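In: structure for the following, please:
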Amino acid sequence: METTYAFWNNKGGTGKTSLAFQSINRYAEQHPKKRILAIDLCPQANLSELMLGGLNNDGSKKLLQRQGLVPRCSIGGYFQLRLPSPYYPPSFNSNDFITKTSLYNYSIPKNIDIVCGDPLLELQANAVNALSNQNIPGTDSWISVIDWLKDFLDQLEDTYDTVFLDCNPSFSLYTQIALASSNRIILPVMADDSSRRAIQNAFSLIYGLKLPSEIYASYMFATKLKNAGRNLPQVHLIVKNRITQYMGEASAYNAVLHAIEHDVDELLKQHPELFTFENAQNGFVSIRDFQTTGVVAFAKGQPFSHVRAGNQSINGHRVQVKQEYLENCKKSLDELTKFL
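Out: Purely as a prediction, here's the structure:
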């Protein structure tokens, strides 16, 4: 595989899943010869519902059908297989857990497959965490569990060119499993001060920067991954999301956005190895608020290329998608996918 991208921020509400959905689809449209795998590692499984048809086209019902198969066709189904065999991969076929999205949603490019999300992840979390902390002579139990997704993807090395991971906002062990299997991280942020703190927290959680005490260092994700001889994922793109549709980077938010850019610029000077870009200007992209266009797209499980301008009914309500706003959404999204 060429690259594995993880959409993640430890702060919720940054539009991570909506960005992932539109970005994955647009990237697939722009690269029709590439085989793409999306993996939904969020227990809410919103990306999966969108890929399978959205609210209006029974995406949730289709997802439940996939989760009802034996073996359970989801990331939770794969983890369920690993729980009795946490430290050594059992005999399994990764394809048993993969869904061909275009068979369920005609709007999705045919070169995208997905490993569906699953609320079962939350139920599995305590067991997975306990297994990773076992003291077993001759076995690094933590790295064995962290490698669950790597074991899964190793089977698919010659099948897919690019993998996209939609991660949970938490830093639970299943999120760490996702991040450890990725090369590049895409961090969505909002124009508010809590997003600035979230960026700082993200670098602390992944890379162990600015810890409140050195006592935490040996327990950190970065320390344990490095001790196992593994590479840390690099921050590839910071997406300033939901910038106002009317004013670009509205002046009321500029101070916060510039503060975030300044923080990243300082980190670049001190830790350039953590980034794929050499200066902050090349690591940021602005995405306008999708507004009504986004509501329609997500209700129908449609990439913007399939959304049509004009009046339409969504959940019994009449809404209007303006052609100008639709084109702005497409243009904004293309700015993001240039970085992929």
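In: please name the nearest non-neighbouring residue to Phe203.
Out: Leaving out its chain neighbours, the residue that sits closest to Phe203 by CB to CB, 6 or more residues apart in numbering is Leu209, at 4.7 Å. C-beta here means a position set from N, CA and C on the backbone, and glycine is covered the same way.
In: ok, the residue lying farthest from the centre of the chain to Ala127 distance?
Out: Distance to the chain centre peaks in the chain at Pro137, reaching 34.6 Å (criterion: CA atoms, centre = their mean). Counting by CB to CB, to the nearest Å, the gap between Pro137 and Ala127 amounts to 22 Å.
In: and if you look at Arg288?
Out: For Arg288 relative to Ala127 (CB to CB), the value is 42 Å.
In: more crowded one of the two?
Out: Arg288 (24 against 14; other CB atoms under 10 Å).
In: beta partners of that one?
Out: Applying DSSP bridges to Arg288 yields these beta-bridge partners: Ile243.
In: phi and psi next, for Gly310.
Out: Per-residue torsions, Gly310: phi 120, psi -180 (degrees, to the nearest 10).
In: now do the contacts for the residue lying closest to it once chain neighbours are set aside.
Out: Excluding its sequence neighbours, the residue lying closest to Gly310 (CB to CB, 6+ apart) is Val321, at 6.4 Å. Taking CB atoms under 8 Å, 6 or more residues apart in numbering, we find Val321 in contact with Thr292, Thr293, Val296, Val307, Arg308, Ala309, Gly310, Gln312.
In: name the element Gln22 belongs to?
Out: With secondary structure defined by DSSP states H and E, Gln22 is part of helix 16-30.
In: parallel or antiparallel, which strands does the following helix or strand past that helix pair with?
Out: Remark: after helix 16-30, the chain's next helix or strand is strand 36-41, criterion DSSP H and E. Looking at strand 36-41 with DSSP bridges, its partner strands are strand 112-115 (parallel), strand 162-167 (parallel).
In: nearest to Ala280, out of the ones you listed?
Out: Nearest to Ala280, of all those, is strand 162-167, at 23.1 Å by CB to CB.
In: picking that back up, what subset of the contacts of Val321 is buried?
Out: Among these, the ones that count as buried by 16 or more other CB atoms under 10 Å are Thr292, Thr293, Val296, Val307, Gln312.
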